[in-house]
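K.L.:
Mind folding the following:
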Amino acid sequence: MKPTHIEHIGIAVASLDEAIPFYEKVLGLECYAIEEVADQKVKTAFFKVGQTKIELLESTDPEGPIGKFVEKTGGGMHHMAFAVEDVQQALDDAAAEGCRLIDKAPRPGAEGLQIGFLHPKSTQRVLTEFCGKK
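P.N.:
Numbering: from 1, shown residues only. Now for the predicted structure:
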């Protein structure tokens, strides 16, 4: 497994309504999609910089993972996502190298992608996500 590129950088925010203007007005980026991912308890907003996306994440439930992250840290960089050809194979390869998995199998994510996370305790303290098409 070798990532093809950085798919996106996930940034947790308290409010999309408050965060989006910075990316649009200060950085001159366009928010091209807002989507709720109910099973992950988040609403996302996407921007594109070259081939890489920035994904803002607002919690829809204070007890969800993003809600807890924002409560604990105030928000900020949440995860780094790598595009891979086969998410299951990437997860299996990472596990074979001793990485602790959050997801043992791919699950649905935003923009119709399959996703799988590695635990930050085994990835140099960076929550790492693999993304790929079904």
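
K.L.:
which residue ranges form the strands in this protein?
P.N.:
Applying DSSP state E to the chain gives strands spanning 5-13, 33-37, 42-49, 52-59, 76-83, 107-108, 114-118, 128-132.

K.L.:
I'd like those written out as JSON lines, with mean pLDDT and distance to Glu97 added.
P.N.:
From N, CA and C alone the C-beta is placed, and that goes for glycine too. Shown next, in JSON lines, are the strands of the chain (pLDDT from 0 to 100; distance: least, CB to CB, whole Å):
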{"stretch": "strand 5-13", "mean pLDDT": "97", "distance to Glu97": "20"}
{"stretch": "strand 33-37", "mean pLDDT": "97", "distance to Glu97": "28"}
{"stretch": "strand 42-49", "mean pLDDT": "98", "distance to Glu97": "29"}
{"stretch": "strand 52-59", "mean pLDDT": "98", "distance to Glu97": "25"}
{"stretch": "strand 76-83", "mean pLDDT": "98", "distance to Glu97": "14"}
{"stretch": "strand 107-108", "mean pLDDT": "96", "distance to Glu97": "21"}
{"stretch": "strand 114-118", "mean pLDDT": "98", "distance to Glu97": "10"}
{"stretch": "strand 128-132", "mean pLDDT": "98", "distance to Glu97": "12"}
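
K.L.:
With respect to Glu24, which of those strands lies nearest?
P.N.:
strand 42-49 (8.1 Å; CB to CB).

K.L.:
What residues of the closest one count as buried?
P.N.:
Using 16 or more other CB atoms under 10 Å as the test for burial, strand 42-49 gives 42-47.

K.L.:
ok so, going back, please name whichever of the strands of the chain is nearest to Phe69.
P.N.:
From those, taking CB to CB, the stretch that ends up closest is strand 5-13, at 5.0 Å.

K.L.:
ok, now how distant is Gly10 from Glu111?
P.N.:
13 Å (CB to CB, to the nearest Å).

K.L.:
actually Gln40, not the one I typed
P.N.:
Applying CB to CB to Gln40 and Glu111 gives a distance of 13 Å.

K.L.:
Likewise for Val87?
P.N.:
14 Å.

K.L.:
more neighbours, those two?
P.N.:
Comparing Val87 with Glu111 by neighbour count (other CB atoms under 10 Å), the higher total belongs to Val87, at 25 against 16.
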